[in-house]
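**Student:** fold the following, please.
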Amino acid sequence: MSEHEIKRHNETLLLYHIVLPIKYRRKAIIQEVGESIKKICFGISERYEINFIEIGYKPDHVHFLVQSIPSMSVSEITMKLKSITGRQIFERHPEIKAMLWGGHFWTSGYYVNTIGQYTNEEVIRKYVENQGKSGEYEKIYDGQLTLFDTSELAPG
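**Tutor:** Now for the predicted structure:
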């Protein structure tokens, strides 16, 4: 079970599931490369406040379950993870660089999902829904907020 990060003015438990595919979906990860990724991640953990809870792989992609701090965005975590592991994999396994033209180990994209230790989306929905039963709670919106949909803000 993951532990809370306790700082001077906050306590957090931020967990992310990050999936990084290999460039061109090449099947480049074998056991030796997997072990290198694990060792590289230990170094990342020592240098940055990124804790690796779990690391797993298939030949063409890697799954990371990481914990970090609020001041580091998930895109920053992913960027550090991709750049450091990619560079060091090429240094430790030059044969892989020959498989991947263009100088990149990872694709430009990635997948990220947040993980809740105590809950999931359904539990949060029910919690918010039940707040209305106390008499003091007022629901002001029921739907999916988006950054670009301003139709509900327009006078009508």
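**Student:** where do the strands of the protein begin and end?
**Tutor:** Here the chain has its strands, by DSSP state E, at 5-6, 11-12, 14-21, 51-58, 61-68, 111-115.
**Student:** any regions of this protein where pLDDT drops low?
**Tutor:** Within the chain, the ranges that satisfy pLDDT under 70 run 1-2, 117-121, 124-125, 127-129, 131-156.
**Student:** Leu100 versus the residue nearest to Val123 when sequence neighbours are not counted, what's the distance?
**Tutor:** Excluding the flanking residues, the one nearest Val123 by C-beta to C-beta, 6 or more residues apart in numbering is Gly116, at 8.0 Å. C-betas here are computed from N, CA, C, even on glycine. Distance, Gly116 to Leu100, by C-beta to C-beta, to the nearest Å: 35 Å.
**Student:** quick one: which of those two has more around it?
**Tutor:** Leu100 (18 against 11; other C-beta atoms under 10 Å).
**Student:** distance of that one relative to Ile69?
**Tutor:** From Leu100 over to Ile69 (counting by C-beta to C-beta), the distance is 32 Å.
**Student:** swap in Arg92?
**Tutor:** Arg92 is 28 Å from Ile69, where distance means C-beta to C-beta.
**Student:** so which residues of this protein form helices?
**Tutor:** Per DSSP state H, the chain carries helices over the ranges 31-47, 74-92, 94-99, 121-131.
**Student:** out of the ones you listed, nearest to Gly56?
**Tutor:** helix 31-47 (8.6 Å; C-beta to C-beta).
**Student:** quick check: angle from the closest one to strand 14-21?
**Tutor:** Put simply, helix 31-47 runs at 150 degrees to strand 14-21, going by axes from the mean of the first three to the mean of the last three C-alpha atoms, to 10 degrees.
**Student:** chain center to helix 31-47: distance?
**Tutor:** Taking C-alpha atoms, centre = their mean, to the nearest Å, one finds the center of helix 31-47 at 17 Å from the center of the full chain.
**Student:** in that helix, what counts as buried?
**Tutor:** 33-34, 36-37, 40-41, 44 (16 or more other C-beta atoms under 10 Å).
**Student:** tell me what it is packed against?
**Tutor:** When contacts are defined as 3 or more C-beta pairs under 8 Å, 6 or more residues apart in numbering; DSSP states H and E, helix 31-47 packs onto strand 51-58, helix 74-92.
**Student:** one more pass at 10 Å, please.
**Tutor:** Where contact means 3 or more C-beta pairs under 10 Å, 6 or more residues apart in numbering; DSSP states H and E, helix 31-47 is packed against strand 51-58, strand 61-68, helix 74-92, helix 94-99.
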